[in-house]
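Participant: model this:
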Amino acid sequence: MTNIQEKANNDIQEKIQEEVEQARAVCDISGSNSAECAAAWDAVEELQAEASHQRQSKPKNSLEKYCDDNPEAVECRVYDE
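Facilitator: Alright, predicted model coming up:
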């Protein structure tokens with residue numbers, strides 16, 4: 001994993017932890033069966049899904065990076081057959 005990916009992963013893990021703490025606080029205040037509590041846990045689930053998606057995405061190889069920077073290059077042309 002690259003440093004950028006590690007930082008992004010750490011950032012999202014910190015955000016998940018913050019959302020978990022907030023969800024617990026909301027549920028303590030408004031009750032575990034409240035709409036606010038459900039919404040708070042939905043936010044946690046969305047972040048966890050994003051973290052999972054980021055872990056599954058493979059890093060780009062050198063050709064993919066080159067083509068991102070130079071889409072007009074011959075090596076990057078895509079032909080429909």
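
Participant: quick one, helices of this structure?
Facilitator: 3-30, 35-56, 62-69 (DSSP state H).

Participant: which one of those helices has the lowest average pLDDT?
Facilitator: Among those, helix 3-30 carries the lowest mean pLDDT, a mean of 87.

Participant: got the angle for it vs helix 35-56?
Facilitator: Angle of helix 3-30 versus helix 35-56, following axes from the mean of the first three to the mean of the last three C-alpha atoms, to 10 degrees, is 170 degrees.

Participant: How about the residue nearest to the spatial centre of the chain: what's its closest non-neighbour residue?
Facilitator: Note on the chain: the residue nearest the mean C-alpha position is residue 50, at 3.2 Å, using C-alpha atoms, centre = their mean. Once flanking residues are discounted, residue 50 sits nearest to residue 12: 6.4 Å by C-beta to C-beta, 6 or more residues apart in numbering. (Glycine included, C-beta is placed from N, CA and C.)

Participant: count of neighbours near that neighbour?
Facilitator: By the measure other C-beta atoms under 10 Å, the count of residues near residue 12 is 17.

Participant: for residue 38, same thing?
Facilitator: For residue 38, using other C-beta under 10 Å, the count is 14.

Participant: residue contacts, it?
Facilitator: Residues counted as contacts of residue 38 (C-beta atoms under 8 Å, 6 or more residues apart in numbering): none.

Participant: any idea how far it is from residue 12?
Facilitator: For residue 38, the distance to residue 12 equals 22 Å [C-beta to C-beta, to the nearest Å].

Participant: Over to residue 77?
Facilitator: From residue 77 to residue 12 the distance is 35 Å (C-beta to C-beta).

Participant: ok, now residue 78?
Facilitator: 32 Å.

Participant: try residue 29
Facilitator: From residue 29 to residue 12 the distance is 26 Å (C-beta to C-beta).

Participant: Kindly report the same for residue 81.
Facilitator: Applying C-beta to C-beta, the value for residue 81 to residue 12 is 39 Å.

Participant: How about the contacts made by the residue nearest to residue 50?
Facilitator: So residue 12 contacts 47, 50-51, 54 (C-beta under 8 Å, 6+ apart).
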